[in-house]
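Q: pasting a predicted model and its sequence here:
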Amino acid sequence: MARTKLVNGERIPLTAEEEAARDAEEAAWAAGAFDRAIADLRATRNRLLSETDYLALSDNTLSAEMNTYRQALRDLTDGLTTVDEVNGVTWPTKP
Amino acid sequence: MGTITRTFTNNIGSNGVLGSSAINNASLNNITSISGVSLKLLSTATAAGDASLDFTTGLDSTYNEYWFVFNNLHPSSEGTNWTEFQGSTDGGSSYGVTMTSTFFYAYHDESGTYTSLSYSSGEDLAQSTSFQQLNRFGTGADNDQSFSGILKLYNPSSTTYVKHFVFQTSNYDQDDFVIRSFGSGYFNTTSAINGMRFAQRTNNIDAGTIKLYGVS
């Protein structure tokens, strides 16, 4: 179906050039989906890691459970190659 | 214009406290105008499956400040659905003015598990002609999910200064997070900005309104 744009309240079909530009934009966007998904995943993972960083300071003995949790967070992105895999990761439970 | 006949000082007691009779319903009813911010609705764009909503009239030197108010913009389907904008200096023939901007966001999910407050270098612009995002993470396409907020544009007709903007938005995303996005920036041009385009990458805008106000 042809796309439209609303210009000052008037609905106008996109020109062929605009349609092509939009198609190209959507294709480029779709091509970058994995990069965006993995970046978001890493951002959340890093935030969760930072929440327990204070437990890993040298003057504290990290529990085995916390050590496992933090390692699982660090390993979370291993082997991920598709957006579905990124969206389907199982987050470790914080002890 | 209505008049409050009693002088204000007559209603201040010796203890410096305003008396209960200082302001009452009658005096308030007599007020016909209040000086301060005045909004003039210039136009309304109501989306119905549109690739973009464009404003190419109303942006001129009449007002020093213009507000674009987004009310429940709803994408046609799930996707990235980032509402974004660009300006035009040629009345809407092209959209690609150089911008530099900042972008922050905070989020919280419905389960109460995840929270964050961050600067996001993925959404800011540095001398770019790309569109500026108004929200982080895609707006959901469920019936109760949408995007709302406001973009303020200052002195778009100035031919001396760049054109500053600030925005703050709330987004209900497809993973049931609320994301508060806020930022600012400027169109790095001394040409007048006389057109604005809003779109939701990469779907059409299924519903919702954008209202353009002049502020005086």
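A: That came through, no problem.

Q: phi, psi of A:Glu64?
A: Actually, residue A:64 is Ala rather than Glu. Comment: the main-chain dihedrals of A:Ala64 come out as phi -60, psi -40, following degrees, to the nearest 10.

Q: okay, it and A:Ala56: tell me how far apart.
A: To A:Ala56, A:Ala64 is 13 Å away according to C-beta to C-beta, to the nearest Å. Where C-beta positions appear, they are placed from N, C-alpha and C, glycine not excepted.

Q: so which helix or strand of the chain has the lowest pLDDT on average?
A: No chain was given, so I picked chain A. helix A:16-31 (a mean of 85; mean pLDDT, DSSP states H and E).

Q: where do the helices sit along the chain?
A: In the absence of a named chain, chain A is used. Per DSSP state H, chain A carries helices over the ranges A:16-31, A:33-51, A:64-74, A:83-87.

Q: meant chain B, my bad for not saying
A: In chain order, chain B shows helices spanning B:25-29, with DSSP H as the criterion.

Q: walking through it, point out its strands one by one.
A: The residue ranges that make up the strands of chain B, judged by DSSP state E, are B:39-46, B:52-55, B:65-75, B:82-88, B:99-109, B:115-119, B:132-133, B:147-154, B:163-172, B:177-187, B:195-201, B:205-215.

Q: excluding chain neighbours, give the residue nearest to the spatially most central residue of chain B in space.
A: Of all residues in chain B, the one closest to the mean position by C-alpha atoms, centre = their mean is B:Ile150, 1.4 Å from it. Nearest residue to B:Ile150, sequence neighbours excluded (C-beta to C-beta, 6 or more residues apart in numbering or on different chains): B:Val69, at 5.2 Å.

Q: could I get the strands of chain B in CSV, plus columns for distance to A:Leu49 and mean pLDDT?
A: Rendered in CSV, the data for the strands of chain B read as follows (distance: least, C-beta to C-beta, whole Å; pLDDT from 0 to 100):
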stretch, distance to A:Leu49, mean pLDDT
strand B:39-46, 44, 96
strand B:52-55, 40, 97
strand B:65-75, 32, 96
strand B:82-88, 27, 95
strand B:99-109, 18, 94
strand B:115-119, 13, 87
strand B:132-133, 26, 96
strand B:147-154, 30, 97
strand B:163-172, 26, 97
strand B:177-187, 20, 96
strand B:195-201, 30, 93
strand B:205-215, 37, 96
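
Q: quick revisit: quick one: contacts for the residue nearest to the centre of chain B?
A: Counting by C-beta atoms under 8 Å, 6 or more residues apart in numbering or on different chains, B:Ile150 touches B:Trp67, B:Phe68, B:Val69, B:Phe70, B:Phe167, B:Gln168, B:Thr169.

Q: cutoff 10 Å now
A: Counting by C-beta atoms under 10 Å, 6 or more residues apart in numbering or on different chains, B:Ile150 touches B:67-71, B:134, B:166-170, B:211, B:213.

Q: out of those residues, who's nearest chain A?
A: Of all those, the one sitting nearest chain A is B:Lys211; the distance, using C-beta to the nearest C-beta, is 11.7 Å.

Q: one step back: and the contacts of B:Ile150, which of them are buried?
A: Neighbour counting with 16 or more other C-beta atoms under 10 Å in any protein chain shown marks B:Trp67, B:Phe68, B:Val69, B:Phe70, B:Asn71, B:Leu134, B:Phe167, B:Thr169, B:Ser170, B:Lys211, B:Tyr213 as buried within the contacts of B:Ile150.

Q: and the pLDDT for B:Leu18?
A: Here the pLDDT value assigned to B:Leu18 is 60.

Q: kindly report the same for A:Thr77.
A: Here, the pLDDT recorded for A:Thr77 equals 95.

Q: what's the neighbour count on it?
A: A:Thr77 is surrounded by 14 other residues when neighbours are defined as other C-beta atoms under 10 Å in any protein chain shown.

Q: and if you look at B:Gly138?
A: Other residues within reach of B:Gly138, judged by other C-beta under 10 Å, total 25.

Q: what about chain A, any weak spots by pLDDT?
A: A:1 (pLDDT under 70).

Q: show me which residues of it sit near chain B.
A: A:1-14, A:18-19, A:22, A:25-30, A:32-33, A:36, A:39-40, A:43-44, A:47-48, A:87, A:91, A:94 (C-beta under 10 Å from any C-beta of the partner chain).

Q: cool, thanks, talk later.
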